[in-house]
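Asks: just coords:
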Ligand code: FPP
């Protein structure tokens, strides 16, 4: 959800106003995903590196997150959305962590859309933590070294049980992944949207999806194999 700060600066508004408008857009995009039949939406809300921002912005973001949960939980529930988080939420302030954990528990049986919020998340940190889990399991005898394969690794990532992303949308015209789902996006299609996140609505989501539909996903195969045609010599 990149570009909140620049959206605000372009209007002479405080950065937190950009985040507030970005949060409104998030709920519009959640509704659109439910309407479009998308099963999983993962949003990068706060990276492990975002702690380095000015303290007032960091605390403002968590206050906004806590307010969003209180104000919109019923709306999410009505749309049958299940909330999940990836990232290390143990270092979040209590006033934000407690309602988050309650919302996750309350929505656990919802089935229409998995809304995965990346909070204090970083893909490298996630990979290091998965390696630690593997090491602990090998040390305890629960896992043999020879059994370590991608499946064993993947099942120890924060995203265990979630599908790999098919499409990654980066807003604000930036061409980078910024430590987001680096391993899970090995075969993801990437769409760069020029709009700042507060200007990214259903119309822009639909444009990203039509761009995605035009891609040929080959997963290492040839185009002919994917299309079921005889291979060319
Ligand atoms: C990136 O834009 C956006 C964020 C770091 C925050 C996104 C959060 C929300 C939309 C609200 C929900 C909040 C929580 C904590 C659940 P940026 O600030 O990096 O934009 P810039 O690159 O233009 O400065």
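Replies: The structure has been received and is ready for your questions. None of these values were measured; they are calculated from a predicted model.

Asks: centroid residue for this protein?
Replies: In the chain, the residue lying closest to the centroid (Cα atoms, centre = their mean) is residue 42, at 2.7 Å.

Asks: ok, it - contacts?
Replies: 86, 116-118, 162, 165, 181 (Cβ atoms under 8 Å, 6 or more residues apart in numbering). For every residue, glycine as well, the C-beta is placed using N, CA and C.

Asks: give me the residue from the protein nearest the ligand.
Replies: residue 5 (2.4 Å; Cβ to the nearest ligand atom).

Asks: let me see the contact set for the residue lying closest to that residue once chain neighbours are set aside.
Replies: Excluding the flanking residues, the one nearest residue 5 by Cβ to Cβ, 6 or more residues apart in numbering is residue 15, at 4.5 Å. The contact partners of residue 15, by Cβ under 8 Å, 6+ apart, come to 4-5, 8-9, 57.

Asks: and residue 190, that one's in a strand?
Replies: Yes - applying DSSP: H, G, I helix; E, B strand; the rest coil, one finds residue 190 inside a strand.

Asks: ok so, going back, backbone dihedrals for the residue nearest to the centre of the chain, both of them.
Replies: Backbone torsions for residue 42, taken as degrees, to the nearest 10, come to phi -110, psi 130.

Asks: do the same with residue 110
Replies: The phi/psi pair for residue 110 (degrees, to the nearest 10) is phi -70, psi 150.

Asks: tell me if the helix or strand residue 73 falls within is near the ligand.
Replies: Assigned by DSSP states H and E, residue 73 belongs to helix 55-78. Yes - shown here: helix 55-78 in contact with the ligand (Cβ under 6 Å from any ligand atom) through 61-62, 64-65.

Asks: enumerate the residues of this structure near the ligand.
Replies: Contact residues (Cβ under 6 Å from any ligand atom) of the chain with the ligand: 1-6, 19, 22-23, 26, 45-46, 50, 61-62, 64-65.

Asks: mind checking which of the residues you listed land in helices?
Replies: Of the residues of the chain next to the ligand, the ones assigned to helices by DSSP state H are 4-6, 19, 22-23, 26, 61-62, 64-65.

Asks: make JSON lines out of the residues you listed and add pLDDT.
Replies: Shown next, in JSON lines, are these (pLDDT from 0 to 100):
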{"residue": "4", "pLDDT": "98"}
{"residue": "5", "pLDDT": "98"}
{"residue": "6", "pLDDT": "98"}
{"residue": "19", "pLDDT": "98"}
{"residue": "22", "pLDDT": "97"}
{"residue": "23", "pLDDT": "95"}
{"residue": "26", "pLDDT": "97"}
{"residue": "61", "pLDDT": "97"}
{"residue": "62", "pLDDT": "97"}
{"residue": "64", "pLDDT": "96"}
{"residue": "65", "pLDDT": "94"}
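
Asks: the strands in the protein, which residues?
Replies: Assigned by DSSP state E, the strands in the chain fall at 40-47, 81-86, 113-121, 167-170, 189-192.

Asks: point out the most buried one among those strands.
Replies: Sort these by mean neighbour count, taking mean count of other Cβ atoms under 10 Å, and strand 113-121 sits at the top with a mean of 23.

Asks: pLDDT weak spots in this structure?
Replies: Low-confidence segments of the chain, defined by pLDDT under 70: 231-233.

Asks: how about 90 then?
Replies: Confidence mapping of the chain against pLDDT under 90 gives the ranges 70, 228-233.
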